[in-house]
Structure formats: C-alpha cells, structure tokens
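Asks: My questions are about this predicted structure, shown below with the sequence.
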Number of protein chains: 2
Amino acid sequence: MGCKKKCRKTEEKQMKLQAALDTLTLEECLELLEETKGSIDIVEVGTPFVIEEGMVPVKAFKDKFPNIEVLADVKIMDAGGYEADKCFEAGADICTVLGVSHDETIQGVVRSAKKYGKKVMVDMIAVPDLKKRTEEIDQMGVDYICVHTAFDVQKLGQDPLNDLKTVNSVIKNAKSAVAGGVKLETVDAIVNEGAEIIVVGGAICNAKDRQAYAKEIKSHLK
Amino acid sequence: MGCKKKCRKTEEKQMKLQAALDTLTLEECLELLEETKGSIDIVEVGTPFVIEEGMVPVKAFKDKFPNIEVLADVKIMDAGGYEADKCFEAGADICTVLGVSHDETIQGVVRSAKKYGKKVMVDMIAVPDLKKRTEEIDQMGVDYICVHTAFDVQKLGQDPLNDLKTVNSVIKNAKSAVAGGVKLETVDAIVNEGAEIIVVGGAICNAKDRQAYAKEIKSHLK
C-alpha cells in the first residue's frame, strides 16, 4: 500500500482542467492556449462561440493543439446522433448534451460517440430533480455528468458544490464534472469533494495574467 | 359584420409558414428559397446548421432574401441576453430559447429582443408540465410559444397536435407555433386548431418537388 501511495505521487494528476472559452476572438483563444500550455487539459468551445462560429474553433484548436482535448459545448437537445456526428466529424473529442433532453436524444449522442471513439458529457443545467435524473443518465453509457450552475443564476448566489455532492453520491459509471463560476476562491472545496473535470471560464479569460491564473488553478487540482 | 368577413378574404393569410433548414448545404438552401418564393414566410436556420456554420447562414439568408424573416434556432439554455445579442447582431429576426431553461435566461432573451426590436420564440421541447410552464412563460413578454415534438421521439408516434391544444387553451399574450414532423397529411388538423406559425422541415427539404410542396402546404394555411 505504501508503494501505491508513492507511485501515485509520480503519476499525472487525475483531475483535468477545462478552460471554457466564450467571449474571446479565435485569435485571442489561440494566444491563450499557447500561453497556458501545460495547464489546460481540455479546451471548451463555449456555446456562444459555437453560435457565432460553428465548428470553426473546434477545427482550429484541434489543428494547432492536437494534444489538448477539445470539447464542443453544443448543449444538444434534439437530433442527438445527427448533431453529435457533426461535432465529432469536426474533430471534437467530447460533446455536450442536455440532461433535460429526452432519453432518446442522450442515447443518440452516446451511439455517435461510440462510433467515433469519442466522449459524451451531459450538462445537468436546470434539471429539476438532479438525483433522480443522474441515476437515470448514469445508466446510459455517458462519460461525464456535469453539474452546472447557469451563468444567468450565478448572480443569485447559487454555486455548484451542493449539486456536485448530489451527483457524486449517485454515480456508479460516469465521472463527475463541475461548471459555473468556478474560480481560485472556490476551487479547493470542489477539489476536496472530487470531480474528474473542473471547468473554469470567466476566471481565466478575464484574469490580468491568464498564464499565471491557469497555472495556479491547475496547481490546486489533485 | 358582413364587411368584416368580406374584407378578411382579401387580407393576407394570418398563419405563417416557417421552413426549417437542417440538412442542406448553404448553396442548396439559397436555391430552395429562390424556388419557393411567395410560399415561405420565415426561414429557420436549424440547430445542426448553426452547429456547423454559426451565424453564416443567418447573414446569407438576410442578405439575399431581406423580405423573408430569419429565425436562428439556437435553443438558448443559458447566458440568454449574451447569446440572443449574437443572433440579432447577425441579422436574425427571431431567436429561440428553451422552455426548460431558467426564467432568468428567457427574461434575458426577451430583454435582448426588445433592445434590437426583434422577436423571441420559446421552444417547449421536453417541457415536463406543458400547461404550467406555458402559463409562466406567457407572462414573460415572449412573442411565440412553440410546441415541438422532438425529432428523436417522432418515431415513437408522438405528434404535436395535443400539445398545441394545451398551449392554445392557456396563452393570453404570446402566439402559438408548432413544429415536429408537420407535413401535408397532418397540416389541416393543425390549421383547424390554429397557430400563428407552422414549421415544416423534412417534408419540404426531402420533397421531390420542393417548390410544389411548399406551395401546397402554404395553400392549406388560413
């Protein structure tokens, strides 16, 4: 057991840092990824970025940074298989589907991911009964279940830690992820609760020194 | 009163035909819009099309066909104001937000639409309690509440007519719209129930003669 502990120390960190890019231009994003090399494991093409540019950023990130995973935050709600195919064909490693969508939609995204050898994250934003829906979705073969405090309700003082505890208490197959206003001040509580992927958006993008900020956040992960 | 009836006959039709374009290339869409001039009132840039191309089709449709309204089917789930701004800045006349999203998100989209003098359609896909949620959303200043049988559950035999009846029985402010597998065989029942906008996608796109099909569907509207 001592060995196990020791070996663990020399292993790579288990937790991954996902940087959500929403508000920057493609050029600025590429600069950010260059600056923060070694800190960011997954780059998220945020929903507003998809609305503006489609799959252009997915292709550009994959082309310039083949070692960073690319997540297309398309928040699929219908036509699961068809829409996921578009993301994976463009080079995305992970695509998102909404937890509030029909089971058939999530299942379609899972089939697409298996076909392409890629991954599915379910975004649990605005799911009314989180525990029950997590139990259902955990049986569907998805890779990640992501608790997500909506941007539009963060100002009401909500944060994702309690939701993360709920999801972690339920999942048997999927891994957990967490998003929604995560920053240096709140990351340790999340790290202590445990999650496979920690998503940080505005806190990195709006930092004065993005390189230092991403590095520091990454240093808090286990 | 006789005059009112007579005058009505010479007025333009009240119901609008919205063509949802999902599976065609931009070039093919522009050809379709040219062919079907006079039949299609609103052209919908479908969600998969947004995923692939972002706002490029919105700009192209508005540029080439300024008299046809353009709907960006972005199915907003968060960051309502920010994402709606992107659609309206690109030239969309209408953008969609999900009925399952937080109230704050829908309210953000409504504020954006008012700022730009544009319109909001709420997509009620996968809303668990349709009557209750329609009552809530009808108070939020949205323009259209759209019942929508998901593509992924149409094969289970579901269709939107009963949902349309529910919405029509509740709304006092918004107008109703209907989407999800509508075709010539089902359009009359919907027309008789009544809706401001009738969305037809695959039935037009996959028709052998798209021009004739769109014209015939349009002739069934009142």
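Replies: Everything's here; your move. Numbers count the residues shown, from 1 in each chain, chains lettered A, B, ... in the order given.

Asks: Give me every residue in chain A lying close to chain B.
Replies: A:22, A:47-48, A:50-56, A:72, A:74-75, A:77-80, A:82-83, A:86-87, A:90, A:98, A:100-102, A:104-105, A:108, A:123, A:125-126, A:128, A:148, A:150-153, A:156 (Cβ under 8 Å from any Cβ of the partner chain). No exception for glycine: its C-beta is placed from N, CA and C like everyone else's.

Asks: Keeping just the C-alphas, turn the longest strand seen in chain A into CSV.
Replies: Counting residues, the longest strand found in chain A (DSSP state E) is strand A:69-76. What follows is strand A:69-76 as a C-alpha-only set of coordinates in CSV (Å, rounded to 0.1, in the frame of the first residue of the first chain):
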residue,chain,number,x,y,z
GLU,A,69,-8.8,17.7,-25.8
VAL,A,70,-11.5,19.8,-27.5
LEU,A,71,-15.0,19.9,-26.0
ALA,A,72,-17.8,21.3,-28.2
ASP,A,73,-20.4,22.8,-25.8
VAL,A,74,-23.3,22.4,-28.2
LYS,A,75,-25.8,21.5,-25.5
ILE,A,76,-27.7,19.1,-27.7
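
Asks: now the angle from that strand to strand B:69-76?
Replies: Put simply, strand A:69-76 runs at 120 degrees to strand B:69-76, going by axes from the mean of the first three to the mean of the last three Cα atoms, to 10 degrees.

Asks: hmm, back to that, mark which of the residues of chain A next to chain B are part of strands, please.
Replies: Going by DSSP E, the strands hold A:Ala72, A:Val74, A:Lys75, A:Leu98, A:Asp123, A:His148 from the residues of chain A next to chain B.

Asks: Quick check: A:Gln18 is in a helix.
Replies: No: counting by DSSP: H, G, I helix; E, B strand; the rest coil, one finds A:Gln18 to be strand, located in no helix.

Asks: Spit out the contact partners of the closest residue to A:His220 other than its chain neighbours.
Replies: Of all residues not flanking A:His220 in the chain, A:Val187 sits nearest, at 5.0 Å (Cβ to Cβ, 6 or more residues apart in numbering or on different chains). By Cβ atoms under 8 Å, 6 or more residues apart in numbering or on different chains, the contact set of A:Val187 is A:Ile198, A:Val200, A:Ile217, A:His220, A:Leu221.

Asks: Go through the residues you listed and name the one nearest chain B.
Replies: A:Val200 (16.0 Å; Cβ to the nearest Cβ).

Asks: gap between the closest one and A:Asn206?
Replies: 11 Å (Cβ to Cβ, to the nearest Å).

Asks: Scan chain A for its longest helix.
Replies: helix A:103-116 (DSSP state H).

Asks: Other residues contacting that one?
Replies: Under Cβ under 8 Å, 6+ apart, the answer for helix A:103-116 is A:76-85, A:88-89, A:95, A:97-99, A:118-120, A:122, A:136-137, A:140-143, B:150, B:152-153, B:156.

Asks: give me that answer again for 7 Å
Replies: A:76-78, A:80-81, A:84-85, A:88, A:95, A:97, A:119-120, A:122, A:137, A:140-142, B:150, B:152-153 (Cβ atoms under 7 Å, 6 or more residues apart in numbering or on different chains).

Asks: Equivalent analysis for stretch A:22-41, please.
Replies: By Cβ under 7 Å, 6+ apart, stretch A:22-41 touches A:16-19, A:21, A:43, A:46, A:48-49, A:53, A:56-57, A:60-61, A:64-65, A:68-69, A:201, A:205, A:210-211, A:214-215, A:218.

Asks: Filter the residues you listed down to the buried ones and hand me the PyMOL line.
Replies: Applying 16 or more other Cβ atoms under 10 Å in any protein chain shown to the contacts of stretch A:22-41 leaves a buried subset, and the PyMOL line that selects it is:
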select buried, chain A and resi 16+17+18+19+21+43+46+48+49+53+56+57+60+61+65+68+69+201+205+210+211+214+215+218
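
Asks: Which ones among the contacts of stretch A:22-41 lie within helices?
Replies: Short answer: the contacts of stretch A:22-41 in helices (DSSP H) are A:48-49, A:53, A:56-57, A:60-61, A:64, A:205, A:210-211, A:214-215, A:218.
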